[in-house]
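# Give me a model of this one.
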Amino acid sequence: MTEPGALDQGVTRDEWTATVVGHHRLRHDVAVIRLIGEFVPFRAGQSVEIRTAVQSEVRRRLSPALPPSLDGKLEFHVRTVPGGWLSGTLVADTKIGDEWLISAPAGTFHVDPAGDEVVMIAGGTGLAPLRAQILELARAPQPPRTYLFVGGRSPRDLYAADMLVLLAAELPWLTVVPVVERVSDPNWPDEWYEQIRAQVDVGFPADDLLEGTLADVVGAHGAFDHHQVLVCGSPAMTRATVERLVETGTPRGIIQYEGI
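Numbering: from 1, shown residues only. Alright, predicted model coming up:
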């Protein structure tokens, strides 16, 4: 556990402190980390910069998966980045009681709750800022119809399947479309996935999975020319998806996108 004040040195008025209260390893390379601390004045869909007591000199941008909370609740979805200085440590070594410093909210993702229908396209942990915006929309009196395309290489890469199935059941205006590049999982075991599967029996039925890349699947739907369109994922996935959207008639000017 981090000693109180371990990160006090160098704190400025533009940094806020939060303490880890939950660390849930979902896959060999993915963890959900929950914190409680000071109110952080970001907007749903933005990213923030974080540093920890373990590697206080290293900073990384992460997108909260919850909208701003006056009681200081934060949630981050973290995937190990090959060669990354901090992501692997966050996924594998985060402990309850660790202290984080959070700063520099940035980003322009936004959804108009009184605007057109919404199309969200999330690759991997690019889901986080889009999920925050879905929860923010849920506070609106009449949220617009929202379609969330969420993709992975194989079914077990859809690390938030249980949460998304339950969320779609709760929100009648939300439709979740799961997309996988192949319908069978790799033949090597992921112990964290196996543990979760033994505990949770909620997920996407196999018949609901659409096979292909996110770019291919959303492109097959034609133009989203009267929609609010948001894309978030790896830089390669984001570039490919935006280009396919434009090729199939979606105006480039209405597409909001961000690589993670």
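# helix/strand/coil for the residue lying closest to F204 once chain neighbours are set aside?
Here the nearest residue to F204 in space, its sequence neighbours aside, is P178; by C-beta to C-beta, 6 or more residues apart in numbering that works out to 4.5 Å. Any C-beta I mention is one placed from the backbone N, CA and C, and that applies to glycine too. State at P178, reduced to three classes by DSSP: H, G, I helix; E, B strand; the rest coil: strand.
# Show me the beta-bridge partners of P178.
Each beta-bridge partner of P178 is listed here, defined by DSSP bridges: V150.
# what's the domain layout of the chain?
As given by automatic domain parsing, the domain ranges for the chain are 15-106, 117-259.
# quick one: contacts for R25?
By C-beta atoms under 8 Å, 6 or more residues apart in numbering, R25 lies in contact with A31, V91, A92, W192.
# ChimeraX command for the buried members of the residues you listed?
Only the buried entries of those go into this ChimeraX selection, using 16 or more other C-beta atoms under 10 Å:
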select :31,91,192
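# Name the nearest of the contacts of R25 relative to P141.
The closest of the contacts of R25 to P141 turns out to be A31 (C-beta to C-beta; 35.1 Å).
# Tell me the secondary structure of that closest one, please.
Following three-state DSSP, A31 is assigned to strand.
# One more: the one 3 residues further on?
Using three-state DSSP, the secondary structure recorded for R34 is strand.
# Number of residues surrounding it?
Around R34 there are 17 other residues, counting by other C-beta atoms under 10 Å.
# For it, which residues count as its bridge partners?
G22, E75.
# Please tell me I have it right and it contacts V20.
Yes - under the criterion of C-beta atoms under 8 Å, R34 is in contact with V20, at a separation of 7.3 Å.
# other SSEs contacting the top helix by length along the chain?
In the chain, assigned by DSSP state H, the helix with the most residues is helix 235-247. Of the remaining helices and strands, those touching helix 235-247 by 3 or more C-beta pairs under 8 Å, 6 or more residues apart in numbering; DSSP states H and E are strand 117-123, helix 214-220, strand 227-233, strand 255-259.
# change it to 7 Å
In terms of contacts (3 or more C-beta pairs under 7 Å, 6 or more residues apart in numbering; DSSP states H and E), helix 235-247 is packed against helix 214-220, strand 227-233, strand 255-259.
# Out of these, flag the one nearest M120.
Between M120 and those, the shortest gap by C-beta to C-beta is with strand 227-233, which sits at 5.0 Å.
# Okay then, goodbye and thanks.
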